[in-house]
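**Student:** Attaching a predicted model along with its sequence, questions to come.
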Amino acid sequence: MSDDGEIVVVGAGMAGLVAALRLAEAGRRARILAKGFGATHLSGATIDVLGYTPAPVMSPAGALPAFVAEHPDHPYARVGAGVVEEAVGWLKGHLTDPRYVGDLGRNFLLPTAAGVCKPAAVAPQTMAAGDLRGGGPYAIVGLPGLKDFYPSLVAGNLALATTPAGTAVGARAVEVDLSPGGRVDAGPLGYARRFEDPRFRADFAAALQGRLAADEVLGVPAVLGLAGAEQAWEELEARVERPIFEIPTLPPSVPGLRMFTVLMAAARRAGARVVIGAEVVGVETDGYRVRGVWSGTANGRRFYPTAALVLATGGWAAGGLVMDSHRVVREPVLGLPVTGADDGAARFLPGYLDHHPLATAGIAVDRWLRPVDARGAVLYDNVRVAGATLAGAEPWKEKSGDGISVATGYHAAMSVLTEEG
Amino acid sequence: MEDPVRASLDHCVKCTICETACPVAQVTPLFPGPKYEGPQAERFRQPGASADHSVDYCSGCGICSQVCPHGVKIAEINSRARAAYKAEVGAPLRDRVLARPGVTGPMGSPVAPVVNRVMANGPARWVLERAVGLHHSAPVPPYAPRSFQRWARSHRRGAGVHPDGRSVVYFHGCSTNWFEPDLGRMVVAVLERNGVQVRVPDQGCCGLPLQSNGLFEPARRTLRHLAHDLAAGGGDEPVVASSSSCGLMLKREGREILGLADEDLRAMGERTYDICEFLLDLHDQGALDTDFRRLPLRVLYHAPCQQRGHAMGTPALDLLRLVPGMEVVESAGGCCGIAGTYGLKKEKYGIAMAVGEPLFEQVRTGNPDVVACDGETCRWQITAASDHSSVHPVALLFWAYGLEL
Ligand SMILES: Cc1cc2nc3c(=O)[nH]c(=O)nc-3n(C[C@H](O)[C@H](O)[C@@H](O)COP(=O)(O)OP(=O)(O)OC[C@H]3O[C@@H](n4cnc5c(N)ncnc54)[C@H](O)[C@@H]3O)c2cc1C
Ligand code: SF4
Ligand code: SF4
């Protein structure tokens, strides 16, 4: 592929953002074309690498070699454990507000809005103090009217947990009497904007005055500001004189929005072009190469010639994989074969958490993330597939969602950069 | 449901992504946000019974529809709901006047010195605010003494333009005609510099201000009239627009928001180009003169919301980067708040200023020599709020070619 050609990345979720940023920062012209925003805006924004195999994973770095050996078709097996670690380390370097902590050596166990702890390798600094290893005791504070965040549910379930070392966990709920003021939206975004105001933070700290025991760690919904969240969190810790940790809420996710904002700004600064609201509706190919893509515009479609294509269109939820009413499964952009989903396969199974064949369905790739057919032959030399579109993983069971997107988005970019098609 | 705009609400999965991006909901509790106002409230709207008045606080910026990953036409749904609401309760005189630059222009322009003196006069502006609800600080530009069309009628084809070569129809829009005729002259000069013959048929308004003020019937008439004017005496050459929002009206909004299914309008929409889009296409074909002189300027480029609505990328950014010495930074996105006539209204002026504040702050701290922006009302808003001058990107190309008016 020619050195000066533009590289089109389809999708603005974690995988697409990572690929575009890595390419742009290496001096390549990258262009994101995305139908809309991706799961970043919904995500709890911890970087989950590997949490269950299904046995609980304490150290992703320790567990990965055996995991990839047992799951040769998993995206991690394609890119290799070393790349997973390298990619996550690289990403951490870009996440600045708030900074991220942790590594693949050890999983945090972080309380969710259901009060269950979720294993995550890397997390925003604002969440780290919730790690179950500390054993609490937790004071979980709720905010008036905040939708879908119930401190007594969080605390009640946390109190049923034990630390990995087997000790009991103390937890209780605290409600503060704090009006967000006026007709303000009591959703996570409305509160996040209020928390950007130092006066509101002072009121919040004052409302907790005398309500907490000396050893209690304070858990709050993840709404401590959008821009400048790290500063808001530090200031609040100083005010209440104890560790504070954020607990991800139901969407819209404030920490997800922060992560997206930081990565998108970095990609633009590095020179990436971004077109949102541009669905890729077709491609032009030349034998084993994609010459360019068509994307929908206000009055038709526009052709973008491309030296290489990174397909990061997400899974079923994002439209990267689709099934029609005849239960025929398709990858809509390139028409790639979808592995693991036979046309007409059952859509419904009796148990909600049963293993569903569609869960691991997706696009099969080689170790450079080029799409392959059933016999393993490469379909397009200059295409790379990344993120939730890939076959072989069950992210919500493994707790590997963004880990896969980061590792494969990064590897897709590196593969374009080094292998040159 | 056959109507694809309304039918799109069934694609909403309530993911809340649009909520995170709506600039208005971010700054005021008076507007409950795109998910609520769009796909949710729409289910409850019946002919003759608009759900509520908060829809009038939607600025129509269109960002929600751009970011929705499921293709819900949120802004379009809101726009139609506003029209139904206005039809029920009636639109104030102010909105009906602001919505008709094609009528006020010919009235204001001949008496430009008088009108301009009134609009630049503090106490008079307070009176206007009290009387009709036009905010006293809202950025209202002065009328030009001579309209662009008057200039165009007497303009002779530029040297170097071959009559059998490439030719375009120039859709200049009301603001170029009445307020910024120099921009129109620069557009013509830049196109002619590239050997493109420019036809400027007499033309009226595109109907966008009527549409955004919920006055759909006159908006439809106005747009049809424009399409007729632009088609007069021509073949099927490209129509080039220098206003990104008015160009979008021809490309899509007339069809999607106003629901016009006219075949000739659709065909014209398909051959409509934003001026920067057209020039960058010329460049891609190797047909753009890139003999620019050095222009050592620090430029902040801001793509207006309606420009992003074209989903054509940021051609202005790519063009400006061809100019040697020019240092171009892209704004971090966001909306300037004005949204056409929205931010001029007394009850919305404060919201518009709060919406634009992050952008104004970026201008103030970045302190560029000039802001480049494809939308006229956005330029006026940015200049008024940040005290930095702003120009259409084509003006920078014009100077970089060493051209003069
Ligand atoms: C509620 C929720 C919470 C989560 N929390 C976490 C968490 O805390 N930690 C974690 O590690 N993981 C989490 N995950 C999982 C994680 O977000 C995903 O696995 C993510 O990494 C997938 O990223 P992606 O880039 O592959 O796809 P997506 O984020 O789905 O992005 C796909 C992109 O492709 C675009 N697209 C699709 N088709 C087209 C087309 N034809 N043309 C143009 N663009 C197109 C979409 O618009 C979108 O921009 C969560 C997921 C959800 C839903
Ligand atoms: S972004 Fe689209 S799908 Fe999501 S809530 Fe908004 S309208 Fe619904
Ligand atoms: S058009 Fe703009 S103001 Fe209106 S709901 Fe959508 S994002 Fe909000």
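**Tutor:** Alright, I've got the coordinates. Remember, it's a predicted structure, so these values are computed and weren't measured experimentally. Residues are numbered from 1 along each chain as shown, chains lettered A, B, ... in the order given. Ligands and ions are numbered 1, 2, ... in the order given.
**Student:** What residues does chain B have near ligand 1?
**Tutor:** Contact residues (Cβ under 6 Å from any ligand atom) of chain B with ligand 1: B:Pro69. (C-beta placed from N, C-alpha, C; glycine too.)
**Student:** Relative to A:Val338, how far out is A:Gly38?
**Tutor:** Per Cβ to Cβ, to the nearest Å, A:Gly38 is found 19 Å from A:Val338.
**Student:** swap in B:Asp262?
**Tutor:** Relative to A:Val338, and taking Cβ to Cβ, B:Asp262 is found at 41 Å.
**Student:** got any ranges where the chain has weak pLDDT?
**Tutor:** Going with chain A. Within chain A, the ranges that satisfy pLDDT under 70 run A:1-4, A:180-185, A:343-344, A:420-421.
**Student:** oops, chain B please
**Tutor:** Regions of chain B meeting the criterion pLDDT under 70 cover residues B:1-2, B:51, B:159.
**Student:** Please tell me how far the residue in the stretch 251-400 of chain A that ligand 3 sits nearest to sits from A:Ala34.
**Tutor:** Nearest residue of the stretch 251-400 of chain A to ligand 3 (Cβ to the nearest ligand atom) works out as A:Gly277 at 11.9 Å. Computed as Cβ to Cβ, the A:Gly277 to A:Ala34 distance reads 8 Å.
**Student:** higher neighbour count, the two?
**Tutor:** Counted by other Cβ atoms under 10 Å in any protein chain shown, A:Gly277 and A:Ala34 do not tie: A:Ala34 has more neighbours, with 29 against 25.
**Student:** and the residue nearest to that one when sequence neighbours are not counted, what does it touch?
**Tutor:** Leaving aside its sequence neighbours, A:Ala34 sits nearest to A:Ala12 (Cβ to Cβ, 6 or more residues apart in numbering or on different chains; 3.7 Å). A:Ala12 is in contact with A:Ile32, A:Ala34, A:Gly36, A:Phe37, A:Gly38, A:Thr40, A:Met264, A:Val274, A:Ile276, counting by Cβ atoms under 8 Å, 6 or more residues apart in numbering or on different chains.
**Student:** quick one on the thing from earlier: my read: the residue of the stretch 251-400 of chain A closest to ligand 3 touches B:Gln66, true?
**Tutor:** Yes: counting by Cβ atoms under 8 Å, A:Gly277 touches B:Gln66, with 3.4 Å between them.
**Student:** just the strands in the stretch 151-300 of chain A please.
**Tutor:** Remark: strands assigned in the stretch 151-300 of chain A by DSSP state E, counting those that start in this stretch are A:171-175, A:217-221, A:244-247, A:273-276, A:280-286, A:289-297, A:300-305.
**Student:** again with the stretch 301-421 of chain A
**Tutor:** A:308-311, A:322-323, A:329-330, A:338-339, A:362-363, A:383-385.
**Student:** Those strands into a markdown table, with extra columns for mean neighbour count and distance to ligand 2?
**Tutor:** What follows is the strands of the stretch 301-421 of chain A, written out as a markdown table (neighbours: other Cβ atoms under 10 Å in any protein chain shown; distance: least, Cβ to the nearest ligand atom, whole Å):
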| stretch | mean neighbour count | distance to ligand 2 |
| --- | --- | --- |
| strand A:308-311 | 31 | 22 |
| strand A:322-323 | 16 | 16 |
| strand A:329-330 | 18 | 21 |
| strand A:338-339 | 22 | 24 |
| strand A:362-363 | 26 | 22 |
| strand A:383-385 | 29 | 25 |
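**Student:** for these, which one sits closest to A:Ala159?
**Tutor:** For A:Ala159, the closest of the strands of the stretch 301-421 of chain A is strand A:362-363, at 39.0 Å, according to Cβ to Cβ.
**Student:** and the helix of greatest length in chain A, anywhere near ligand 1?
**Tutor:** Counting residues, the longest helix found in chain A (DSSP state H) is helix A:401-419. Yes: applying Cβ under 6 Å from any ligand atom, one finds that helix A:401-419 is in contact with ligand 1 at A:Gly401, A:Asp402, A:Gly403, A:Ser405.
**Student:** The last one touches A:Ala19, doesn't it?
**Tutor:** What that stands for is A:Ser405. No: A:Ser405 is beyond contact range of A:Ala19, at 9.4 Å (criterion: Cβ under 8 Å).
**Student:** Next, show the common contact partners of the two.
**Tutor:** Counting by Cβ under 8 Å, 6+ apart, the common neighbours of A:Ser405 and A:Ala19 are A:Ala312, A:Ala386.
**Student:** Quickly find the element holding the spatially most central residue of chain B.
**Tutor:** Geometric centre of chain B, nearest residue: B:Ser245, 2.6 Å, by Cα atoms, centre = their mean. In this structure, B:Ser245 is located in helix B:244-248 according to DSSP states H and E.
**Student:** Next, see if that helix gets close to ligand 3.
**Tutor:** No: applying Cβ under 6 Å from any ligand atom, one finds helix B:244-248 separated from ligand 3 by no less than 12.8 Å.
**Student:** Show me the chain divided up by domain.
**Tutor:** Let's take chain A. According to automatic domain parsing, chain A comprises the domains A:7-96+A:258-418, A:128-247.
**Student:** I was after chain B.
**Tutor:** Domain assignment for chain B, taken from automatic domain parsing, gives B:4-89, B:290-400.
**Student:** Near ligand 3, which residues of chain B are found?
**Tutor:** For chain B, the contact set with ligand 3 under Cβ under 6 Å from any ligand atom comprises B:22, B:24-25, B:34, B:37, B:58-64, B:74-75, B:78.
**Student:** Closest to chain A out of those?
**Tutor:** Each of the residues of chain B next to ligand 3 was checked against chain A using Cβ to the nearest Cβ; the closest is B:Ala25, at 7.0 Å.
**Student:** Please work out how many residues are found near the closest residue to the closest one other than its chain neighbours.
**Tutor:** Once flanking residues are discounted, B:Ala25 sits nearest to B:Gly33: 3.9 Å by Cβ to Cβ, 6+ apart. Per other Cβ under 10 Å, the neighbour tally for B:Gly33 reads 26.
**Student:** B:Gly33 touches B:Cys22, doesn't it?
**Tutor:** Yes: between B:Gly33 and B:Cys22 a contact is recorded at 5.5 Å, counting by Cβ under 8 Å.
**Student:** Now do stretch B:136-151: distance from first to last residue.
**Tutor:** The straight-line separation of the ends of stretch B:136-151 (Cα to Cα, to the nearest Å) is 32 Å.
**Student:** from the middle of its chain, how far away would it be?
**Tutor:** From the chain centre to the centre of stretch B:136-151 is a distance of 16 Å (Cα atoms, centre = their mean, to the nearest Å).
**Student:** where does B:Trp126 land in three-state SS?
**Tutor:** helix (DSSP: H, G, I helix; E, B strand; the rest coil).
**Student:** residue contacts, residue 391?
**Tutor:** By default, I'm working from chain A. By Cβ under 8 Å, 6+ apart, the residues touching A:Ala391 are A:Asp73, A:Val338, A:Thr339, A:Gly340, A:Thr360, A:Ala361, A:Gly362, A:Ile363, A:Ala364, A:Val365.
**Student:** Chain B, not that one
**Tutor:** Residues near B:Val391 by Cβ under 8 Å, 6+ apart: B:Val370, B:Val371, B:Ala372, B:Cys373, B:Arg379.
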